[in-house]
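Participant: Fold the stuff below for me.
(2 chains)
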Amino acid sequence: AQSVTQLGSHVSVSEGALVLLRCNYSSSVPPYLFWYVQYPNQGLQLLLKYTTGATLVKGINGFEAEFKKSETSFHLTKPSAHMSDAAEYFCAVSDRWDNDMRFGAGTRLTVKP
Amino acid sequence: KAGVTQTPRYLIKTRGQQVTLSCSPISGHRSVSWYQQTPGQGLQFLFEYFSETQRNKGNFPGRFSGRQFSNSRSEMNVSTLELGDSALYLCASSGRGPLGADTQYFGPGTRLTVL
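Facilitator: Numbers count the residues shown, from 1 in each chain, chains lettered A, B, ... in the order given. You can find the predicted model right below:
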């Protein structure tokens, strides 16, 4: 069975600082990996995804993530945090055959002025 | 393209009642998945429908059911509501074909409160 662990339920950074949100996955088959962002009282918005090919994936709003098979990780980064990045971020895994997506518990990002 | 729409956005019910939630996928998408989001359990997969057939099912009791219509719109029903069913119910659609997963696009959710 697939699963996702997000390290750190809360992350706080200063505006302009590096954002690093950690995600480790477990999957017995090649995974599809996703990062979603959720703003208060809204649904999930896809930031980026990895399926196959290039392991460094660039997403919207300046975010990117790198698939590291040897470390079973898919950490999300952004070089410079903006106040508008404050939200909850979810890492998710599925496989190429199944739309049963498994989500991590989420990481709430706070950006301090 | 218009995004995934869910109705209603907010719902208040009492224990023992039943509720039906509706989801309209992105035009052309044939797969609709439902998720329950609660503070304690996080995001949990309920079920997926593709071409009017349930393709996958999560670990939820039989009180949770769904269906999909020929136009890909989907409904989710919860019978005999319990307090613990209070949650944000999210619908996601994807262009997934018979084989292979695809990106899921989420609607804004329906906030269900059970009193």
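
Participant: what about the closest residue to residue A:25 other than its chain neighbours, which helix or strand?
Facilitator: In this structure, residue A:25 finds its nearest non-sequential neighbour in residue A:93, 4.7 Å apart by CB to CB, 6 or more residues apart in numbering or on different chains. (Glycine included, C-beta is placed from N, CA and C.) Counting by DSSP states H and E, the element that carries residue A:93 is strand A:87-95.

Participant: can stretch B:107-115 be found next to chain A?
Facilitator: Yes: Stretch B:107-115 lies within reach of chain A by CB under 8 Å from any CB of the partner chain, at B:107, B:108, B:109, B:111.

Participant: Which of those fall in strands?
Facilitator: residue B:111 (DSSP state E).

Participant: Please pick the buried ones from the residues of stretch B:107-115 next to chain A.
Facilitator: Buried subset of the residues of stretch B:107-115 next to chain A (neighbour count, 16 or more other CB atoms under 10 Å in any protein chain shown): B:107, B:108, B:109, B:111.

Participant: Tell me the residues on chain B that lie near chain A, please.
Facilitator: Near chain A, when you scan chain B using CB under 8 Å from any CB, you find B:4, B:6, B:31, B:33, B:35, B:42-45, B:48, B:55-56, B:58, B:90, B:92, B:94, B:96, B:99-109, B:111.

Participant: Quick one, which of those residues are buried?
Facilitator: B:4, B:6, B:31, B:33, B:35, B:42-45, B:48, B:55-56, B:58, B:90, B:92, B:94, B:96, B:101-109, B:111.

Participant: Could you check how far residue A:45 is from residue A:63?
Facilitator: As for residue A:45, its distance to residue A:63 is 11 Å (criterion: CB to CB, to the nearest Å).

Participant: neighbour-wise, which of the two wins?
Facilitator: Neighbours per residue (other CB atoms under 10 Å in any protein chain shown) separate residue A:45 from residue A:63, with residue A:63 holding more: 20 against 16.

Participant: Spatially nearest residue to the residue nearest the centre of chain B (excluding sequence neighbours)?
Facilitator: Residue closest to the mean C-alpha point of chain B, counted by CA atoms, centre = their mean, is residue B:34 at 3.0 Å. Among residues not flanking residue B:34 along the chain, residue B:46 sits closest, at 4.1 Å (CB to CB, 6+ apart).
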